[in-house]
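Undergrad: just need the structure, nothing else, for what follows:
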Amino acid sequence: MLSDLIAQNIPMGVILTQDGNICQMNEWAYKFTGYSATEVKNRSFLDLVHPEDHEKLITRYNDIMTGLELPEGRRYRILSKSGELFWIRFRSKVIEHSGKPALLSFLIDETQNRIHEESLKRSEERYRGLVENLAEGIVVVKEGSICFINKTLRNKLGLTLENIVGNSFLNFIHQDDQALVLDRYQRRLKGENVPETYEIKLIKPDGEELNCEMRPSLISWKGSPAIQTAILDLTDRKKAEKEKEQLEKRLVRMEKMEALGLLAGGVAHDLNNVLSGMVTYPELLMIDLPDNHRFKKPLDLIYSSGLEASAIVNDLLTLARRGVIATEVINLNNIIMDYLKSPQHHKLLSYYNNVVIKTNFGQKLANIKGSETHLRTTIMNLVSNAVEAQPSGGKIIISTENLYIDKPIKGYESIKAGEFAVVTIEDQGIGISGKDLQKIFEPFYTKKIMGRSGTGLGMAVVWGTVQDHCGYINIESIENKGTKFYLYFPIVRQQIEKGHEPRFIEEYLGNEEIILIVDDVEKQRQIAKTILRRLNYKVVTVSNGEKAIEYLKNNSYDIVLLDMIMDPGIDGLETYKRIIDLKPDQKVIITSGFSESERVKDAQRLGAGQYIKKPYSVEKIGITIKEALEEH
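TA: Take a look at the predicted model:
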């Protein structure tokens, strides 16, 4: 019969079984198993099956015989007569044979496929073993989905195999880079020539971005084309490069500030010498004039102008980083309120009468330690900038609060954790462009309207003041929406001392004690000499430290008024060291046109008395000398 002829010659096994026993096999099956027709006739089919597969095959046989339609199912192991192992897959159908149900099964040899799969599996296992712990991340993408990802990259992304394999790799690519990655992937699959490496950003589940370098290559994965990509994490390197760039910018800015500081310091020193006469002589003259004298008002105007000019010199000293005397305990709420009531502020608002200023002061704002003059100038500069940023009108909000900060502030790699008094100045103005933000604190950079506000030193003074007060500054700005300045100053637990009450000159007059004035500037010697003679002291003056030492060898003085910066020759600190070697108990008061420097503090640590900043105030120099003389 034709059917028998076909069954005997088709290239697969055909087996007829009934009640689990072999009734007949085709020629291919006899050769495949090595048995003859006599040897397998009425023999249980399970005798040809590996013992470990018996239970599974019986279950499948029963399911088919009960009428269940089953797929081809899994492979089963067949043992030949010689003991050789083969893998086969069944296709079975229930038929009638000799009036009873029987099972006609077709056997497909899957041995080579199985060997190939095992080889692929071993190859994949070797691949995994090689790349699992590489320093670089490795991912294999096939048909757009992740089919392998090594441990290094899983750890970078903070994921496990279960929640990443099978997902689209685009899920972990920054949306700005997804089109690029997809284009490179598709073109490489087509065999096109594309760049060997490129940079993108990966996104972790928590939103953190990783800067990465991609090096994709075309491979075969389980017999199909796939893209293997080596991924190098550049995040730390990029961070280091950015920090290096920021450091270089800071160094450039420091060099500029240092250069300006040298200039400003020299100018300030010379200006103080000039201002001494403008401040001191009018004050001396007014002491002896009655209140209704016709020269009293002009002299007071000269005196006030000299003090205002002295405040500008303080700004120059701030740029020189030699201007802050951080000894006063002050409250920022008071500083801000004093400025808002000042004539300078009212003059500024007269040009911008459609700007409204609101305050939101924190309750029980902690005190800080610093220079009232410099902090007031800082507030003035920031408020005037905020006002001028709203030429068409708007609102400025000045807020204060206490904050504990232990995380870095924008623009600082690290901060000293602790409690801070924070000032926030917010406007609704034109904002600051990213380009301008990069150089806003640079010296010589300004957009101020000449003659209307500030000293023209602006943000450079703000930056210097914040630095000198061991504080921090942060800026948030959006063009055409507004700007916020945040100033952070470390708090102190000390209380503010009671305000100074002017004292009558009779309280600090001398009793003809002898004072030695040591100063390299003749004008300064003359001014100090005039003041002290008016205060009933005897005065001797010398022009340098060397002459002072010679005078002290042969003469006695109740007080030495010693300038710290003298040129040429030895400076004040060196002079003081020689004085105490010669006369350990000699009383010395330090003076300088600069503010309290480290050399001043060094002298005080060695035993020097109080420090007086030029230009001289009659009351300040008089009280300081009186107190020094009364000390035992």
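
Undergrad: spell out which residues make up each domain of the protein.
TA: Taking automatic domain parsing as the reference, the chain has its domains at 2-109, 116-233, 242-308, 324-492, 505-630.

Undergrad: I'd like the average pLDDT over the second one.
TA: Read it as domain 116-233. Mean per-residue pLDDT for domain 116-233: 81.

Undergrad: work out the gap between that domain and the centre of the chain.
TA: 31 Å (CA atoms, centre = their mean, to the nearest Å).

Undergrad: one step back: how about the domains of the chain in TSV, adding mean neighbour count?
TA: Any C-beta I mention is one placed from the backbone N, CA and C, and that applies to glycine too. Compiled in TSV, these are given as follows (neighbours: other CB atoms under 10 Å):
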stretch	mean neighbour count
domain 2-109	15
domain 116-233	15
domain 242-308	15
domain 324-492	17
domain 505-630	18
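
Undergrad: hey, least reliable of those by pLDDT?
TA: The bottom spot among the domains of the chain, by mean pLDDT, belongs to domain 242-308, with a mean of 73.

Undergrad: and Q344, what helix or strand is that in?
TA: Q344 belongs to helix 343-351 when assigned by DSSP states H and E.

Undergrad: for that helix, list the C-alpha coordinates in PDB.
TA: These are the backbone C-alpha positions of helix 343-351, laid out as PDB (Å, rounded to 0.1, in the frame of the first residue of the first chain):
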ATOM      1  CA  PRO A 343      18.700 108.800  53.600                       C
ATOM      2  CA  GLN A 344      20.600 106.700  51.000                       C
ATOM      3  CA  HIS A 345      17.700 104.300  50.700                       C
ATOM      4  CA  HIS A 346      15.100 107.100  50.500                       C
ATOM      5  CA  LYS A 347      17.100 108.800  47.800                       C
ATOM      6  CA  LEU A 348      17.300 105.500  45.800                       C
ATOM      7  CA  LEU A 349      13.500 105.000  46.000                       C
ATOM      8  CA  SER A 350      13.000 108.600  44.800                       C
ATOM      9  CA  TYR A 351      14.200 107.400  41.400                       C
END
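
Undergrad: name the next helix or strand downstream of that helix, please.
TA: strand 355-360.

Undergrad: the next helix or strand along the chain from that following strand pairs with which strands?
TA: The C-terminal neighbour of strand 355-360 among helices and strands, as given by DSSP H and E, is strand 367-370. Partners of strand 367-370 in the sheet, by DSSP bridges, are strand 328-330 (antiparallel), strand 482-492 (antiparallel).

Undergrad: figure out which of those is closest to Q186.
TA: Nearest of these to Q186, taken as CB to CB: strand 482-492 at 45.4 Å.

Undergrad: pretty sure Y551 is touching L516, no?
TA: Yes - counting by CB atoms under 8 Å, L516 is a contact partner of Y551 at 6.4 Å.

Undergrad: pull up the overlap in contacts between the two.
TA: Shared between the contact lists of Y551 and L516 (criterion: CB atoms under 8 Å, 6 or more residues apart in numbering) are residues 540, 542, 557.

Undergrad: which ones are touching E196?
TA: So E196 contacts R215 (CB under 8 Å, 6+ apart).

Undergrad: how about a cut-off of 10 Å?
TA: With contact taken as CB atoms under 10 Å, 6 or more residues apart in numbering, E196 is in contact with 214-217.

Undergrad: from S217, how far out is it?
TA: Using CB to CB, to the nearest Å, E196 is found at 9 Å from S217.

Undergrad: go on, L562?
TA: In terms of CB to CB, L562 sits 77 Å off from S217.

Undergrad: now N554
TA: 92 Å.

Undergrad: hmm, back to that, between the contacts of E196, which is closest to I409?
TA: When these are ranked by distance to I409 (CB to CB), M214 comes first, at 34.3 Å.

Undergrad: can you check the distance spanned by stretch 513-528, start to finish?
TA: In stretch 513-528, first residue to last residue: 15 Å (CA to CA, to the nearest Å).

Undergrad: then stretch 506-514?
TA: Its first and final residues considered, stretch 506-514 spans 18 Å by CA to CA.

Undergrad: re earlier: inside strands: which ones of the shared contacts of Y551 and L516?
TA: Judged by DSSP state E, the subset of these located in strands is 540, 542.

Undergrad: rebuild the shared contacts of Y551 and L516 as CSV, extending it with distance to N21.
TA: Below are the shared contacts of Y551 and L516 laid out as CSV (distance: CB to CB, whole Å):
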residue, distance to N21
V540, 137
V542, 132
Y557, 133
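
Undergrad: pick the one among the shared contacts of Y551 and L516 closest to G13.
TA: Using CB to CB, the shared contacts of Y551 and L516 come closest to G13 at V542, 124.0 Å.

Undergrad: relative to D288, how far out is the closest one?
TA: Remark: distance between V542 and D288 (CB to CB) = 28 Å.

Undergrad: for V618, same thing?
TA: Applying CB to CB, the value for V618 to D288 is 11 Å.

Undergrad: can you check which residues contact both of the two?
TA: Jointly contacting V618 and D288 under the rule CB under 10 Å, 6+ apart are 505, 534.

Undergrad: who's in contact with E209?
TA: E209 touches 174, 201-203, 235, counting by CB under 10 Å, 6+ apart.

Undergrad: secondary structure element holding I108?
TA: Using DSSP H and E, I108 sits within strand 100-109.

Undergrad: parallel or antiparallel, which strands does that strand pair with?
TA: Strand pairing for strand 100-109, using DSSP bridges, gives strand 13-18 (antiparallel), strand 85-97 (antiparallel).
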